[in-house]
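K.L.:
Quick one: sequence and predicted model below, then my questions.
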Amino acid sequence: MKVSYLILLAVLSFGLPVVGQEAALNWMKVTDDAGWQPRDSQGEVVYDDQLWIFGGWFNSFAAPPRDVWSSRDGKSWKLVEKNAPWKHSDLSMSVAFDDKMWFMGGWHNGRLPGHSASNQVWSSTDGVKWEQVTKAAGWSPRITAGLVVFKDKMWILGGTENYYFGDKTSLKNDVWYSEDGKDWKLATDDAGWAPRAYHQAVVLNDKIYVFGGGNYVPEYEAHNDVWCSKDGVNWEQVIESAPWHSRLWFSSIVYRDRMWVLGSWSNNPSKNWGDVWYSSNGKDWTELKSKGIWKERHEHSAFVFQDRIWIAGGHAKPLSSEVWSLSVPPQWFERN
């Protein structure tokens, strides 16, 4: 009886389905308050068996934070560096590559005078000491580009050169790659998909996928199309309109051999989304519905860590410093 009770407790704690009941998965709240100031638009990586976040956004009339935090369990977070040397930390791009953490692009100073986008590239092995790999990458200064590791290189995809003050001409659909973060080569200046920012890019089954995104101001537009490429140069449209609503400021990861779409914001009417979708091919999508889940939000961090999906922070009206996680057993997909 005691063993059965412990099994049941473990099942409920990790959101796994109970035998004989509907196969539902629920998110687990790891902490209400991670210790860092609630924020969105931060950089994030998994590196050295830890979760990391970099900077982000508190409001549009202040310089963005330059702090670095790490956690080995998602619950207890450590301030690694209070003032990193980079300053464009709003809507920057970040990735783990070549045994380093990489931080690039981003926006500084919100709507204040002196605002700017960046094409600087920085790297670090400890989050404290940062090396400026280049002051000006080959791609133009920009924010919210897609950034992936593919064929042993880092790839930058699209983005926008201006945040609050740009227009459609600020949007990009170029693709660049680099083996060292310093020297960048242009794969294509026109990937075929509509120029966009606030989208996501992932790598699955030896292909780069680009999906969603669009433009924020002054002319709002949002997409729910999916594109893929085997070489970063030649692109094909997988689906023109995925079943999830067109969106900006969402998060995406690859987990259990599937790409995932998590949360977002869209306009007309202005609203956050709290939905979760997955696909193994970019064409066929399934919504993962949960009774236990985080509040709708956008520009949150998403990670794959310790064989689980994690989300942290984001704008959930108000800004959040929550951390949530979800485990999906591999065999779950066979039953659902």
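P.N.:
Thanks, I have it. Please read all numbers here as calculations on a predicted model, not as lab measurements.
K.L.:
ok, Trp86 - contacts?
P.N.:
Residues in contact with Trp86, defined by Cβ atoms under 8 Å, 6 or more residues apart in numbering, are 55, 66, 92, 103, 106, 118, 120, 122, 130, 132. For every residue, glycine as well, the C-beta is placed using N, CA and C.
K.L.:
one more time with 10 Å, if that's ok
P.N.:
43, 54-55, 64, 66, 68, 92, 103-106, 108, 118, 120-122, 124, 130, 132 (Cβ atoms under 10 Å, 6 or more residues apart in numbering).
K.L.:
So which of those residues are in helices?
P.N.:
Among the contacts of Trp86, none falls in helices (DSSP state H).
K.L.:
and the residues you listed, which of them are in strands?
P.N.:
Applying DSSP state E to the contacts of Trp86, the entries found in strands are 43, 54, 68, 103-104, 108, 121-122, 124, 132.
K.L.:
Is it possible to mark the buried ones in these?
P.N.:
Among these, those buried by neighbour count (16 or more other Cβ atoms under 10 Å) are 43, 54, 68, 103-104, 108, 121-122, 124.
K.L.:
What is the nearest of these to Phe211?
P.N.:
Gly43 (20.2 Å; Cβ to Cβ).
K.L.:
what residues are up against the residue nearest to Lys295 when sequence neighbours are not counted?
P.N.:
Excluding its sequence neighbours, the residue lying closest to Lys295 (Cβ to Cβ, 6 or more residues apart in numbering) is Ala316, at 4.6 Å. By Cβ under 10 Å, 6+ apart, the contact list for Ala316 reads 38, 40, 263, 272, 274, 294-298, 300, 322.
K.L.:
on that earlier part again, now for the buried ones among the ones in strands among the contacts of Trp86: which two are most distant?
P.N.:
His108 and Ser124 (18.8 Å).
K.L.:
Now do the contacts for the residue most central in space within the chain.
P.N.:
Closest to where the C-alpha atoms of the chain average out (Cα atoms, centre = their mean) is Ser251, at 4.0 Å. Residues in contact with Ser251 (Cβ under 10 Å, 6+ apart) are 44, 200, 260-264, 297-303, 309, 311-312, 314.
K.L.:
now with 8 Å?
P.N.:
Under the criterion of Cβ under 8 Å, 6+ apart, the neighbours of Ser251 are 200, 261-263, 299-302, 311, 314.
K.L.:
what's across from it in the sheet?
P.N.:
For Ser251, the beta-bridge partners are Leu262 (DSSP bridges).
K.L.:
Next one: it from Trp260, what distance?
P.N.:
8 Å (Cβ to Cβ, to the nearest Å).
K.L.:
between those two, what contacts are shared?
P.N.:
With Cβ under 8 Å, 6+ apart, Ser251 and Trp260 have common neighbours Ala302.
K.L.:
hang on, isn't Gly127 packed against Gly55?
P.N.:
No - contact criterion Cβ atoms under 8 Å: Gly127 and Gly55 do not qualify, at 11.7 Å.
K.L.:
okay, these two: which has more neighbours?
P.N.:
Set Gly127 next to Gly55 and count neighbours by other Cβ atoms under 10 Å: Gly55 wins out with 28 against 24.
K.L.:
on that earlier part again, overlap in contacts of Gly127 and Gly55?
P.N.:
Counting by Cβ under 8 Å, 6+ apart, the contacts common to Gly127 and Gly55 are 68, 84.
K.L.:
Adding pLDDT, write the buried ones among the ones in strands among the contacts of Trp86 out as a markdown table.
P.N.:
Compiled in a markdown table, those are given as follows (pLDDT from 0 to 100):
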| residue | pLDDT |
| --- | --- |
| Gly43 | 98 |
| Phe54 | 98 |
| Val68 | 98 |
| Phe103 | 98 |
| Met104 | 98 |
| His108 | 98 |
| Val121 | 99 |
| Trp122 | 99 |
| Ser124 | 98 |
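K.L.:
Go through the residues you listed and say which is closest to Ala194.
P.N.:
Among these, Met104 lies closest to Ala194 (Cβ to Cβ), at 23.0 Å.
K.L.:
Could I get the contacting residues of the residue lying closest to the closest one once chain neighbours are set aside?
P.N.:
Counting by Cβ to Cβ, 6+ apart, Met104 lies nearest to Val121, which is 4.4 Å off, once chain neighbours are set aside. Val121 makes contact with 102-104, 132-134, 137, 181-182, according to Cβ under 8 Å, 6+ apart.
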